[in-house]
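1. Predicted model follows, preceded by the sequence.
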Amino acid sequence: MSLAREGARWEVLGQVIEQLTRENPWENIRRKRNWDEGALCKKESVKYPMAEAVRAAYQSWDDDESLGPRVLVDDGGKPLGRFQDGDCVIFYNIRGEREVELCQSLLNDNFAHFPVARNIRLNFVTMIPYDKRLKVMVAFPPEEEVRDTLSEVLSSHGLRQVKISESEKAIHVSYFLNGKVREPFPGEERIVIPSPKDVPYFDQKPEMNAAGVAEAVIHKLGDPEINFIFANFANIDVVGHIENERAIEDGSFFKNEAFLWAIRGTKEGGKNLHLLGIVSFFSSHGSVNHLMALLKLAKQESVGKLYLHVMLGRRGEHRESGARYIELIEKEMENLSIGQIASVIGRYWSLDREENWDRIEKTYRMLVYGEGTPVLSRC
């Protein structure tokens, strides 16, 4: 087992310990130790504190995707930039399916998968529609419904179809393949083979559950009532995209009603503006270009308090690129004289889609309570 993956195992163990000690008197001792070990030295002047904190994490064998929460704190150890009642949030990711669980924990009144603060109401904007049940404003709603997809055409001709995939990619062969339609079409059957749960990362089991998918395909090949089989072998993709740059180029991005609603709401109510999302030039979940444009818009609108909450990690990304992204953003914030990076976390914890609620809780507690390794804000 690689040292990086061993570090990930310790991260998971730390999360379990955190759960067990949440109401324990030893918690204060644990927090004091984390402060001593995690915060940057008060005697040193660190120009880009969050970038340096991520670089320091690499020395402990963390990588971008599995990075545990890093939280900006003041000289007294108080977390900065936490989500508070009435704050406005712009979630600028652009894929939509991995973002839903975190949104549910922050927005749903009846959320019950883990304890949440019931006294926080957020004004929320998403880049695209994540789920029609979420109470959000959408910056870029779809211009038209996608029709005549493969599944819809097969269904309209009375043909029976079956889609077989691992749970890790089930959303792709159902929701996305059907033009972002969640419900199956008449005559469409979906078979989901569980992806492995006994390893923290699939590169420790690169075959994943390809055998299970193959067995299901062979079984269905013997069914005379099935006219069409769609099979997805997830490990080819997992182990082995949408941007609205036009809106930035033509200037309409800076006049977007949803963005302006959130930004002006912070000014009128004296609240904080939070930007939340992935930081990468290459991720299908989001683009640094969108983040940079949002920072410029916030500066243009004279936003007072702006906090950025970063998700790191992309399959195929260059190793340790997260720190370079963070420093790039900290420099841009410095140039614009606006905002702070309040927290950073690996996407493993924040962008789940298989109801691994322990991961989402880790992100939620970072955003709301400021739980994580402290990073001292520079003076």
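-> Yep, that arrived. Numbering: from 1, shown residues only.
2. mind checking the backbone torsions on the residue sitting furthest away from the middle of the chain?
-> The outermost residue of the chain, judged against the average C-alpha position, is Pro224 (42.2 Å), by C-alpha atoms, centre = their mean. Pro224 adopts backbone torsions of phi -70, psi -10, taken as degrees, to the nearest 10.
3. From Glu99, how far out is it?
-> Distance from Pro224 to Glu99, counting by C-beta to C-beta, to the nearest Å: 41 Å. Just so you know, the C-beta spots here come from the backbone N, C-alpha and C atoms, and that holds for glycine as well.
4. do the same with Val368
-> When distance is defined by C-beta to C-beta, Val368 is 17 Å away from Glu99.
5. Just want to know which of the two has more residues nearby.
-> Neighbours of Val368 and Glu99, each counted by other C-beta atoms under 10 Å, are more numerous for Glu99; the result is 28 against 18.
6. and the more buried one, what does it touch?
-> Glu99 makes contacts with Phe91, Asn93, Thr126, Tyr130, His285, Leu351, as judged by C-beta atoms under 8 Å, 6 or more residues apart in numbering.
7. let's see it at 6 Å
-> Asn93, Tyr130 (C-beta atoms under 6 Å, 6 or more residues apart in numbering).
8. Let's see the pLDDT reported for it.
-> For Glu99, the model assigns a pLDDT of 93.
9. The residue farthest from the centre of the chain and Gly265, how far apart?
-> As for Pro224, its distance to Gly265 is 59 Å (criterion: C-beta to C-beta).
10. Is Ile360 in a helix, a strand, or coil?
-> Using DSSP: H, G, I helix; E, B strand; the rest coil, the three-state assignment for Ile360 comes out as helix.
11. Mind jotting down where the helices sit in the stretch 201-350 of the chain?
-> Secondary structure of the stretch 201-350 of the chain by DSSP state H, counting those that start in this stretch: the helices cover 210-221, 234-238, 245-249, 257-269, 288-300, 321-336, 347-350.
12. Would you double-check that Ala57 falls in a strand?
-> No: Ala57 sits outside any strand when classified using three-state DSSP, being helix.
13. and it, what does it touch?
-> With contact taken as C-beta under 6 Å, 6+ apart, Ala57 is in contact with Leu67.
14. run the last query once more with 8 Å
-> Under the criterion of C-beta under 8 Å, 6+ apart, the neighbours of Ala57 are Leu67, Gly68, Arg70, Thr373.
15. Likewise for Phe230?
-> By C-beta under 8 Å, 6+ apart, Phe230 lies in contact with Leu150, Gln161, Val162, Lys163, Ile164, Val173, Leu177.
16. Farthest-apart pair in those residues, please.
-> Farthest apart among these by C-beta to C-beta are Leu150 and Ile164. That separation is 14.8 Å.
17. can you tell which of the helices of the stretch 201-350 of the chain is closest to Phe111?
-> Of all these, it is helix 347-350 that lies closest to Phe111, at 16.0 Å by C-beta to C-beta.
18. what's next to the closest one, contact-wise?
-> Contacts with helix 347-350, where a contact means C-beta under 8 Å, 6+ apart, come from 64-66, 68-69, 98, 102, 278, 285, 311-314, 359-360, 362-363.
19. how far out from the middle of the chain is it?
-> Taking the mean C-alpha point of helix 347-350 and that of its whole chain, the gap between them comes to 6 Å (C-alpha atoms, centre = their mean, to the nearest Å).
20. could you give the mean pLDDT of that helix?
-> Across helix 347-350, the average pLDDT comes to 92.
21. so where's the stretch 201-350 of the chain shaky on pLDDT?
-> Along the stretch 201-350 of the chain, the model assigns pLDDT under 70 to residues 201-203, 235-246, 281-286, 314-318.
22. mind running it again at 80?
-> Regions of the stretch 201-350 of the chain meeting the criterion pLDDT under 80 cover residues 201-206, 234-250, 280-287, 314-320.
23. quick one: contacts for Lys180?
-> Remark: with contacts taken as C-beta under 8 Å, 6+ apart, Lys180 is in contact with Gly96, Pro129, Pro142, Val146.
24. try it again with 7 Å
-> Contact criterion C-beta atoms under 7 Å, 6 or more residues apart in numbering gives Val146 as the residues in contact with Lys180.
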